[in-house]
Each structure stands twice: as structure tokens, then as C-alpha cells.
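>>> following is a predicted model, sequence given first.
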Amino acid sequence: MQEIIVQDGEENVRIDSFVSNKISDLSRTMIVKLIESDNIKVNGKSQKPSYKIQAGDKISIEIPEIKEVDLKAQDIPINIIYEDNDIIVINKEKGMVVHPAEGNWDGTLVNAIMAHCKDSLSGIGGELRPGIVHRLDKDTSGILIIAKNDKAHINLSEQIKNREVKKKYIALVRGIVPENEATINMPIGRSTKDRKKMEVTKNGKEAITHFKILKRYGKYTLLEVKIDTGRTHQIRVHLAEIGYPVVGDMVYSNGKNEFGVVGQMLHAQSLDFKHPTTGKKMHLEAELPEYFKKIIEQEEAKSNWKV
């Protein structure tokens, strides 16, 4: 562990910037991750990357041992919606992890696309995330873009940053939502009680979610959801916060449901974006999983509710 004492004249600087200047071999992105994972603390306490340091603060820095990973290409079936020399768009299955991490070093989408694309993947995402421009939670199914080269990756990342990529999701939630359509504008940050969870908090980052009713059933509501921002677990956190958690969500509700579904019934249905090379407007859709369709058909059959 390394310790740094803030001296007079060094105060009132963001901690991520301060540490970045002190330890040149750590990137700003890595420092932010270390702060958010509690590997960098101030006076023994967790802080946010935006914390302004004060003279006399003792900053402790613990850099986890880097595990050598031999990332393997694996012949895992993937549902390809579209592919060309620059991008590949897939319909990710529920239950598939997007990229390797602790506890999931293989069987991920990255392992699958490495086998499919061979050496044709962007390297910007790093060793463990080649080609990954954006991600979906393990139990969220649906549409996902992978970049085959760095130029495509940079272009798509800029589109996402500038909110030019339009994402649409389908969600089945518990309860009857009264509004036909509404916008949820509540900041989201990491939970102070459980670092693996997110929560609505006044000190969080801006998060905007729009939804409209597709159908009301006896005890459930089918929603079309669009997001202006891409915060971690955003849709699940927002819908749970207003009292309508996504069916099957084990993290932001008790997960119990009559269908026996484990993991949220949330599907990324479509993406609108510009092709990173040609600039052509693209609209691509990912079909709902069979289990999701069967549950909707079941609810349609026994419900007389209408929008």
C-alpha cells in the first residue's frame, strides 16, 4: 500500500486529478476505478473521484495484483443481426456475460466474438473487452454493437457520448402503472450500503429514462423504455424507485414472480445510429426471447385490460 499526505498548497484539487499527477503510471480512468472500488481512500474513508482534497489528508492507495488472463476464443453460438467489415450487431441471450471479469473468465460474449471475428476486433476496449463499445447486464437480453476496428469504435463511442445513439427497451414490470407515458429524471450513483448496487441519490450523475405503456395486464405492465443517459442499471433502478420493479429482478426487488423467471425481464429491442464508416442511418431490432414472448401471450390470453 502507498500513502500520500496532502501538503499545504496542494488542497482543493479533485482526488482523481491529484493522484494522477502523483502516480504517472496509472491512467485517470484506472484511478477513478480504484476510487470507486475503495482501493483509494482518504483518511481511511471512501470518497468520490470529485472529492476535493484538503491539506493534511492521508490518501492510501492499494493497487490490486493484476491477474494474468489467457483470454480464449470459444465457439459459442451467437445470434447475429447484422455484420459488415466495421461492425457486428448481435441479439445477446439472457444469462450471457458480455466481457470476462472475476468469476466469469470464459463463456462470455467476448469469448464468442473472438472466435467469430478472429483478429478483426477493435483493441480500444482493452485486453478483456475487445470491440465492446457498450454493454448489457448479464440478464438483460437484446441488441449490442461490437466494433471490428478502432476507427469504428471511436466513432460509435462519440455517438454514444453525444447521445446520438437511440436505444429502446421492452420491460415487464410488477404493478399497474397509471401514467400512459412519463419521464423519470433522478440522479443515480453507487449505493453507499452495497458497492455492487446503484441507487437514486442527490449526489449521483444525471439519469433520464422515458417510458410509455404498451399494455396493462392484471398485475403487470408492459413498457417501452428509452434512455437519454446510460448509467449502470439505470432502467432497473429508476423503475424500482417509482414502485414498479422489473419482473424477475433479483437485485432491485425480491425477484419473486409467478412465471419462475430468474433475472430481469428487460430486453434491448432496437438501436438507431449512424454507420461509423458510411454515415448511413441504421435501425436494427432484436427479437424478443421466446420465454418473454410466451409470458406476454399468456398474459394477453387471460387479461381484458387495454391501454
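Done, it's in.

>>> how about the helices in the chain?
For the chain, helices defined by DSSP state H occupy the ranges 15-22, 28-36, 109-117, 150-161, 234-241, 290-302.

>>> deepest of the ones you listed, which one?
Mean neighbour count (mean count of other Cβ atoms under 10 Å) peaks for helix 234-241 among the helices of the chain, with a mean of 24. For every residue, glycine as well, the C-beta is placed using N, CA and C.

>>> for it, packing partners?
Contacts defined by 3 or more Cβ pairs under 8 Å, 6 or more residues apart in numbering; DSSP states H and E place helix 234-241 against strand 166-174, strand 181-185, strand 188-190, strand 198-200, strand 208-216, strand 220-227.

>>> got a list of contacts for the third one?
Meaning strand 188-190. With Cβ atoms under 8 Å, 6 or more residues apart in numbering as the test, strand 188-190 has contacts from 36, 197-201, 203-205, 207, 231-234, 237-238.

>>> what does the first one give?
Counting contacts by Cβ under 8 Å, 6+ apart, the residues outside strand 166-174 that touch it are 142, 211, 214, 219-227, 230, 235, 239, 244-247, 253, 257, 264-273, 288, 292, 295-296.

>>> of those residues, buried ones?
142, 211, 220-227, 235, 239, 244-247, 253, 257, 264-271, 273, 288, 292, 295-296 (16 or more other Cβ atoms under 10 Å).

>>> ok, residues contacting the helix or strand of the chain with the lowest mean pLDDT?
The helix or strand of the chain with the poorest confidence is helix 28-36; it has a mean of 82 (mean pLDDT, DSSP states H and E). With contact meaning Cβ under 8 Å, 6+ apart, helix 28-36 is reached by 15-17, 19-20, 23, 26, 40, 47-49, 61-63, 190, 195.

>>> now it: how far from the chain's centre is it?
For helix 28-36, the distance from its own C-alpha centre to the chain's C-alpha centre is 17 Å (Cα atoms, centre = their mean, to the nearest Å).

>>> as PDB, could you dump the C-alpha coordinates of it?
Taking Å, rounded to 0.1, in the frame of the first residue of the first chain, the C-alpha atoms of helix 28-36 are listed here in PDB:
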ATOM      1  CA  ARG A  28      -7.000   8.700 -14.900                       C
ATOM      2  CA  THR A  29      -9.600   6.000 -15.800                       C
ATOM      3  CA  MET A  30      -7.800   3.400 -13.700                       C
ATOM      4  CA  ILE A  31      -7.600   5.800 -10.700                       C
ATOM      5  CA  VAL A  32     -11.300   6.500 -10.900                       C
ATOM      6  CA  LYS A  33     -12.000   2.800 -10.900                       C
ATOM      7  CA  LEU A  34      -9.700   2.300  -7.900                       C
ATOM      8  CA  ILE A  35     -11.500   5.100  -6.000                       C
ATOM      9  CA  GLU A  36     -14.900   3.600  -6.800                       C
END
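
>>> check contacts around the residue lying closest to I4 once chain neighbours are set aside.
Spatial nearest neighbour of I4, excluding adjacent residues (Cβ to Cβ, 6 or more residues apart in numbering): I59 at 4.5 Å. I59 makes contacts with E3, I4, I5, V6, I15, F18, V19, I40, K41, V42, I53, as judged by Cβ under 8 Å, 6+ apart.

>>> dump the helices of the chain to CSV, plus distance to T183.
Formatted as CSV, the helices of the chain follow (distance: least, Cβ to Cβ, whole Å):
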stretch, distance to T183
helix 15-22, 31
helix 28-36, 27
helix 109-117, 31
helix 150-161, 20
helix 234-241, 10
helix 290-302, 25
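
>>> thought G56 was touching V6?
Yes - counting by Cβ atoms under 8 Å, G56 does reach V6; the two are 6.3 Å apart.

>>> any low-confidence regions in the stretch 51-200 of the chain?
65-70, 101-105, 119-120, 122-130 (pLDDT under 70).
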